[in-house]
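**Q** Sharing a model prediction with you, sequence too.
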Amino acid sequence: MSAEPTLRFLPLSDGKQPLFMWILMFVVKRISDPLFAGRMLSVLSGLGTMIGLFLLTFYLFKSKKAALVSTLAWAISPFSLFFDRMALVDSLLTMFSVWTIFLGIISTETLRFDMAILAGFSLGFAYLTKSPALFFAMLLPVMWIFVKNKNQIIKTILLSLTTFLISQAMYNILRLGPNFQMVALRNQDYVFPISHFWTNPKDPLISHIGQIRDWINRLGPGTLLILAPAGFILNFKKHKKVVIFLAVWFLFPILVQSEFAKVFTARYILFTIAPLIILAASFFNRDFKNNFIKLLTMVCVYFVLESLVIDWKILASPQIVPFPESERSGYLEEWTAGTGIKEVADYIRTQVADLPAGRQVIIGTEGFFGTLPDGLQMYVEKVPRVVVKGVGVTISDVHPSLIDSKKAGNKTYLVVNSTRFKGDPLKLGLNLIAQYPKAVRIDGSRESLLFFEVTDKSITSLEKI
């Protein structure tokens, strides 16, 4: 097997050039690694949200204490920690939502055109990230509550229009792609039509609101639902416009999604947690003199302790985290969970080392996109002579392409979840290398990721058929 190409540099007398070039090569290699890129996206999204929250809270309440508390609350909230750690685009969407609010409010209050442009860029990037950025555009007029002079409302509207037009110009870049129409088509799979509101408004609104309360109660954690209303009440007299604005940015997307969403999971409301946390932190804008404030301070201490306990479970043992059932099912229990994929990739790397010249490692997986085969592909993308391909959703026999691969002398494998595998391994000539159990379901059953090697018996079994 030919070695990967490397670059060598002759050292200078002071030894600075080799170190610099080594760092440069390390950075370039890391950036080209999709796993590292995903992790960095997660880190930068969380960091960007924290910085935005600090600046936004300080700008709204002119309180460093409240700004620091909102930043700390976001950093330790299990809700944000879990989804930032998952490197989902919802974290990036949340970051752009915070910056859109911050820049938009500055533009409204100061009538600065440059801030309107920057807000447009932030909103545009949100549109390029995910469709729920539509909520940010719909809520732009709410910022007009901060207009200082009613005679300047026309200029304010023009600035908001500038923000919106810039975002739409950025979004329409997607039209250059060949599958732009799929965005609207996929949205229809997840959203009820507008007519649903006057035909059956209570379903699924009521059940979804109950789910949201459960999500925030478990992952917020639930003390946010005490601190946020307290912050709203305590600051209503002095900062009426601010707390109303934050309440609208929290409630409007939640109510709309609860009414019209066909599929609803906790990550869909991640961007609404930011204004909720600012409301919760805003009670630190007041002096701690009376007993009521002291009681809220104790609640805040409980929030920190409860968050840290859940955070430790997320980092150390996710299976014992009190996730809502919908989240636990998707991330830990069912075929969507990624348990075992990294272990399969590690095994595959060991098989490439002694691979004869002209041969490959072929891995067939269930599915055609998503957790499999894409999740496995991310781990082995840089490994030479490894091919990962989807061969079906429900697997009842060995795919002909895997049989052909085995005939050609390639090392051939099959990766499939136990609930998706309907065949008999012995009859199909599959040798079980390992199975990786996922979290136990409520009913006691358990999904497993099955890792098979396709043997020569698969060829003869196919010939018999």
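**A** Looks like it arrived, so ask away.
**Q** Run through the helices of the stretch 251-400 of the chain in chain order.
**A** 270-281, 291-316, 325-328, 341-352, 376-380, 400-407 (DSSP state H, counting those that start in this stretch).
**Q** make that the stretch 51-200 of the chain, sorry
**A** 64-76, 78-85, 89-110, 113-129, 134-138, 153-171, 181-190, 196-199.
**Q** As CSV, these with mean neighbour count, mean pLDDT and distance to residue 147 would be great.
**A** Every C-beta, even on glycine, is put in place using the N, C-alpha and C of the backbone. Output for those, formatted as CSV (neighbours: other Cβ atoms under 10 Å; pLDDT from 0 to 100; distance: least, Cβ to Cβ, whole Å):
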stretch, mean neighbour count, mean pLDDT, distance to residue 147
helix 64-76, 21, 93, 24
helix 78-85, 23, 89, 32
helix 89-110, 24, 95, 6
helix 113-129, 21, 95, 13
helix 134-138, 18, 95, 18
helix 153-171, 17, 95, 5
helix 181-190, 11, 77, 33
helix 196-199, 11, 84, 30
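**Q** in its sheet, what does the longest strand along the chain sit against?
**A** In the chain, assigned by DSSP state E, the strand with the most residues is strand 430-440. Strand 430-440 has the following sheet partners, assigned by DSSP bridges: strand 446-454 (antiparallel).
**Q** Can I get the partner strand in PDB? Just the C-alpha atoms.
**A** Output of strand 446-454 as PDB, limited to C-alpha atoms (Å, rounded to 0.1, in the frame of the first residue of the first chain):
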ATOM      1  CA  ARG A 446     -33.200  -3.100  22.900                       C
ATOM      2  CA  GLU A 447     -32.000  -2.200  19.400                       C
ATOM      3  CA  SER A 448     -28.500  -3.200  18.300                       C
ATOM      4  CA  LEU A 449     -26.200  -2.300  15.500                       C
ATOM      5  CA  LEU A 450     -25.100  -5.500  13.700                       C
ATOM      6  CA  PHE A 451     -21.800  -5.700  12.000                       C
ATOM      7  CA  PHE A 452     -21.400  -8.600   9.600                       C
ATOM      8  CA  GLU A 453     -18.700  -9.800   7.300                       C
ATOM      9  CA  VAL A 454     -19.800 -11.200   4.000                       C
END
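**Q** Buried by neighbour count: which residues of that strand qualify?
**A** Neighbour counts using 16 or more other Cβ atoms under 10 Å place 447, 448, 449, 450, 451, 452, 453, 454 of strand 446-454 among the buried residues.
**Q** Tell me which residues are up against stretch 107-118.
**A** Here stretch 107-118 makes contact (Cβ atoms under 8 Å, 6 or more residues apart in numbering) with 103-104, 106, 119, 143-144, 146-148, 152, 155-156, 159-160, 162-163, 166.
**Q** change it to 6 Å
**A** If you take Cβ atoms under 6 Å, 6 or more residues apart in numbering as the criterion, stretch 107-118 is touched by 103, 106, 119, 143, 146, 155, 156, 159, 162, 163.
**Q** rewinding a little: now the buried residues of strand 446-454 in JSON lines, with pLDDT and distance to residue 93?
**A** As requested, the buried residues of strand 446-454 are exported to JSON lines (pLDDT from 0 to 100; distance: Cβ to Cβ, whole Å):
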{"residue": "447", "pLDDT": "92", "distance to residue 93": "29"}
{"residue": "448", "pLDDT": "94", "distance to residue 93": "33"}
{"residue": "449", "pLDDT": "95", "distance to residue 93": "30"}
{"residue": "450", "pLDDT": "95", "distance to residue 93": "35"}
{"residue": "451", "pLDDT": "96", "distance to residue 93": "35"}
{"residue": "452", "pLDDT": "95", "distance to residue 93": "38"}
{"residue": "453", "pLDDT": "93", "distance to residue 93": "41"}
{"residue": "454", "pLDDT": "93", "distance to residue 93": "41"}
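**Q** Return the member of these nearest to residue 190.
**A** residue 447 (24.5 Å; Cβ to Cβ).
**Q** Isn't the closest one up against residue 440?
**A** No. Residue 447 is beyond contact range of residue 440, at 9.4 Å (criterion: Cβ atoms under 6 Å).
**Q** count of residues packed around the nearest residue to residue 329 once chain neighbours are set aside?
**A** Once flanking residues are discounted, residue 329 sits nearest to residue 441: 7.6 Å by Cβ to Cβ, 6 or more residues apart in numbering. Residues near residue 441, counting by other Cβ atoms under 10 Å, number 15.
**Q** Also residue 432?
**A** That count, for residue 432 with other Cβ under 10 Å as the rule, works out to 12.
**Q** Retrieve the pLDDT associated with it.
**A** Per-residue confidence (pLDDT) for residue 432: 94.
**Q** contacting residues for the most centrally placed residue in the chain?
**A** Most central in the chain under Cα atoms, centre = their mean is residue 88, positioned 1.8 Å from the mean C-alpha point. By Cβ under 6 Å, 6+ apart, residue 88 lies in contact with residue 267.
**Q** That one and residue 320, how far apart?
**A** For residue 88, the distance to residue 320 equals 22 Å [Cβ to Cβ, to the nearest Å].
**Q** Check the offset of stretch 376-396 from the chain's centre.
**A** Put simply, stretch 376-396 sits 23 Å off its chain's centre (Cα atoms, centre = their mean, to the nearest Å).
**Q** what distance separates the start and the end of that stretch?
**A** Distance between the two ends of stretch 376-396: 21 Å, counting by Cα to Cα, to the nearest Å.
**Q** likewise stretch 172-192?
**A** End-to-end distance for stretch 172-192, by Cα to Cα: 24 Å.
**Q** Any chance you could list what contacts that stretch?
**A** For stretch 172-192, contacts defined as Cβ under 6 Å, 6+ apart pick out 131, 260, 262, 263.
**Q** Stretch 227-240: which residues count as buried?
**A** Counting neighbours by 16+ other Cβ under 10 Å, one finds that the buried residues in stretch 227-240 are 227, 228, 230, 231, 232, 234, 235, 239.
**Q** Go ahead and list the helix or strand containing the second one.
**A** Spelled out, that is residue 228. Here residue 228, judged by DSSP states H and E, is contained in helix 224-235.
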